Structures are given as C-alpha cells and as structure tokens.
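A.B. asks: Okay, sequence plus prediction incoming.
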Amino acid sequence: MYLERENHVTGLIRLLSVGLRVLTLLEFVVRRRLAAEGDVLAGVYTGQPTRATAQPTAERLLATFQEVTLTIIHAGWDTRWHLTPLSPVQQRILALLDFPLEVYTRLSAHCSQPP
C-alpha cells in the first residue's frame, strides 16, 4: 500500500493499533472468563466440532460468526429481512463476553421467520 501523505500513514497506524487492541481485548476477556469458570469452549475449530480449548484466539472466535448473514429483499413496497439464527457456540461466545443476546436479536427485529 502506498500512502503519499504523512498524516495518512499516521492515521493508518492508529487505526491498525485500535484493531489490534480490540482483538487482544476480545481474546483476553474470553480466556479470563473461561479460566474463572474452569470451562473450555468447543466448536471454534472448523471441521472439529468437539475439539475444545480454554485459550481460543480472537481469529477463531470471530471465524465462528462468518456464516452469519443478513439478507434484505425489496419486492415492490414490501421489504423482507432474514438474519441467520445464532448457533449454540455463537451464543456461548456472546455470553462469555457479557453481551446480552439482545445485541444480536435487535438486529433481527424486522426479520421475517424462515418457512
């Protein structure tokens, strides 16, 4: 990536630093909560649903949410929304982060239920 202006370089470094801090905090909070509960988290390894870990990485935690999709269909005057339901492991991760499920379900307030 080529950045011509020095303030753009500074801004990019600051943005990347914030991103790294968020990933580190995510990892730290989940690991600390698992250690406090004396528990492990299963389902974060692709293709290995029973493999568990007490020290999941931020990348693995975020990867469990990659299948979440929001579909919005506009048909004339009608708009339909569909938000993928959370899996048990995704719900567990939100609980470990002390995020209420409402964080996710509020997104689906306008969603129609699949047939």
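C.D. replies: Cool, got the structure. Please read these numbers as outputs of a predicted model, since none were measured by experiment.

A.B. asks: Mind giving me the packing neighbours of the helix or strand where Arg21 lies?
C.D. replies: Under the criterion of DSSP states H and E, Arg21 resides in helix 6-37. Contact here means 3 or more C-beta pairs under 8 Å, 6 or more residues apart in numbering; DSSP states H and E; on that basis helix 6-37 packs against helix 58-63, helix 88-96. Any C-beta I mention is one placed from the backbone N, CA and C, and that applies to glycine too.

A.B. asks: Looking at these, which is nearest to Ala36?
C.D. replies: Distance to Ala36, taken as C-beta to C-beta, is lowest for helix 88-96 among the helices and strands packed on helix 6-37, at 10.0 Å.

A.B. asks: Identify whichever of the helices and strands packed on helix 6-37 lies nearest to Met1.
C.D. replies: helix 58-63 (21.4 Å).

A.B. asks: Tell me the strands beside the next helix or strand after that closest one, with direction?
C.D. replies: Per DSSP H and E, the first helix or strand lying C-terminal to helix 58-63 is strand 70-75. Partner strands for strand 70-75, per DSSP bridges, with pairing direction: strand 78-83 (antiparallel).

A.B. asks: tell me the contacts of the most centrally placed residue in the chain?
C.D. replies: In the chain, the C-alpha nearest the mean C-alpha coordinate belongs to Leu62, at 4.5 Å (C-alpha atoms, centre = their mean). Leu62 makes contacts with Leu26, as judged by C-beta atoms under 8 Å, 6 or more residues apart in numbering.
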